[in-house]
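K.L.:
Okay, predicted coordinates and the sequence, questions at the end:
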Amino acid sequence: MPMTVIVLRGVEPRYHGFLASVMLEIAPGVFTAPNLAKPVRLRIWAVLEDWYGTLRQGSALMTWRDPAEPCGQGLTSLGEQPRRFAEVDGIVLVRRDTATVASPP
């Protein structure tokens, strides 16, 4: 069960309240959970996606341990251009995709 981090910007207060019930808010809008199981992480993100689909305000970004990715962590977002990790000449970079639909974690 790896560390999960969610960063919120400009969202409704309900997001903060919901995440505070399952994660620790270490700075304004930055939530962490050191031992979050994958099914719990997926359920949390499903709730955020549902609310974002209705409210369409602000943004959320989530990262977690994912050995399949070049840098060993997964990345998904709402309300921003989707981002992904890319390895270029041995350096891991964050790349913004041109699509606007968030991919599932």
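P.N.:
That came through fine. Residues are numbered from 1 along each chain as shown.

K.L.:
Enumerate every residue touching the nearest residue to Gly10 once chain neighbours are set aside.
P.N.:
By the measure of CB to CB, 6 or more residues apart in numbering, the closest residue to Gly10 outside its immediate chain neighbours is Gly58, 3.5 Å from it. To be clear about C-beta, it is placed using only N, CA and C from the backbone, and glycine gets the same treatment. When contacts are counted by CB atoms under 8 Å, 6 or more residues apart in numbering, Gly58 is found next to 8-12, 15, 79.

K.L.:
List the beta-bridge partners for the spatially closest residue to Trp64 that is not a sequence neighbour.
P.N.:
Here the nearest residue to Trp64 in space, its sequence neighbours aside, is Thr4; by CB to CB, 6+ apart that works out to 4.4 Å. Here Thr4 sits in beta bridges with Ala33, Trp64, as judged by DSSP bridges.

K.L.:
Show me where this protein has its helices.
P.N.:
With DSSP state H as the definition, the chain shows helices at residue ranges 13-20, 38-55.

K.L.:
Show me what the last one is packed up against.
P.N.:
Read that as helix 38-55. Applying 3 or more CB pairs under 8 Å, 6 or more residues apart in numbering; DSSP states H and E, we find helix 38-55 packed against strand 4-9, helix 13-20, strand 59-65, strand 73-78.

K.L.:
Same check on the first one?
P.N.:
Using 3+ CB pairs under 8 Å, 6+ apart, the elements in contact with helix 13-20 are strand 4-9, helix 38-55.
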